[in-house]
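S.K.: build me a model:
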Amino acid sequence: MSALASDTVLTAPLLRPMRESDLDAVHAIEIRAYPFPWTLGIFRDCLRADYPAWVLHEDGRILGYFLMSIAAGEAHVLNVCVAPEAQGRGLGRKLVRAFLHLARGRAVQRVFLEVRPSNRGAIGLYHEEGFNEIGRRPRYYPARDGREDAIVMAIELV
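M.R.: Reported below is the predicted structural model:
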């Protein structure tokens, strides 16, 4: 075994609360992942509002994140994202399970989220994890040719 190989220890992706110092890395992922990304200010405002916000990191690199709001027994997933170069490794599922675990721990009864109809992979993942489509928000998302609807999904935790 070479010296480099024997000294290299890869760790499994771990979750931890998002910090202000993470925002540049989180925003860089957001810009790579979405054609209409959140601004750095939106992320900062969510942290300042004390919304649950977590990052998934591995070997010092942030690979994904989620932010949600919780009030009156309900949670709303505001943003969940895996860096494009890290997709296909099951990290999105890990993030979904993490935000559901966090919601259960805070006595949340129902979790809501919106997803673009064009995001078939995310829709499939949410269905597999127990979410159901409960409605649509017309023209919710900006899109290249105007606006795109949102599929509203929910899961009951009790």
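
S.K.: okay, CA-based contacts and neighbour counts for the rest of this
M.R.: Will do.

S.K.: name the nearest residue to Met18, ignoring sequence neighbours.
M.R.: Trp54 (4.6 Å; C-alpha to C-alpha, 6 or more residues apart in numbering).

S.K.: can you give me the mean pLDDT across the one helix or strand Arg44 maps to?
M.R.: Using DSSP states H and E, Arg44 maps to helix 40-48. Average pLDDT, helix 40-48: 98.

S.K.: same thing with stretch 93-105?
M.R.: Throughout stretch 93-105, pLDDT has a mean value of 98.

S.K.: go on, stretch 111-119?
M.R.: Stretch 111-119 comes out with an average pLDDT of 97.

S.K.: kindly report the same for stretch 53-65.
M.R.: Across stretch 53-65, the average pLDDT comes to 97.

S.K.: what's that stretch in contact with?
M.R.: Residues outside stretch 53-65 that contact it (C-alpha atoms under 8 Å, 6 or more residues apart in numbering) are 10-18, 25-26, 29, 46-47, 66-68, 79-83, 86, 91-92, 95.

S.K.: mind checking which of those are buried?
M.R.: For the contacts of stretch 53-65, a burial check counting by 16 or more other C-alpha atoms under 10 Å picks out 13, 15, 18, 26, 29, 46-47, 66-68, 79-83, 91-92, 95.

S.K.: ok and the helix or strand hosting Ile62 relative to helix 40-48, angle-wise?
M.R.: Assignment of secondary structure by DSSP H and E places Ile62 within strand 61-71. On the basis of axes from the mean of the first three to the mean of the last three C-alpha atoms, to 10 degrees, strand 61-71 is oriented at 60 degrees to helix 40-48.
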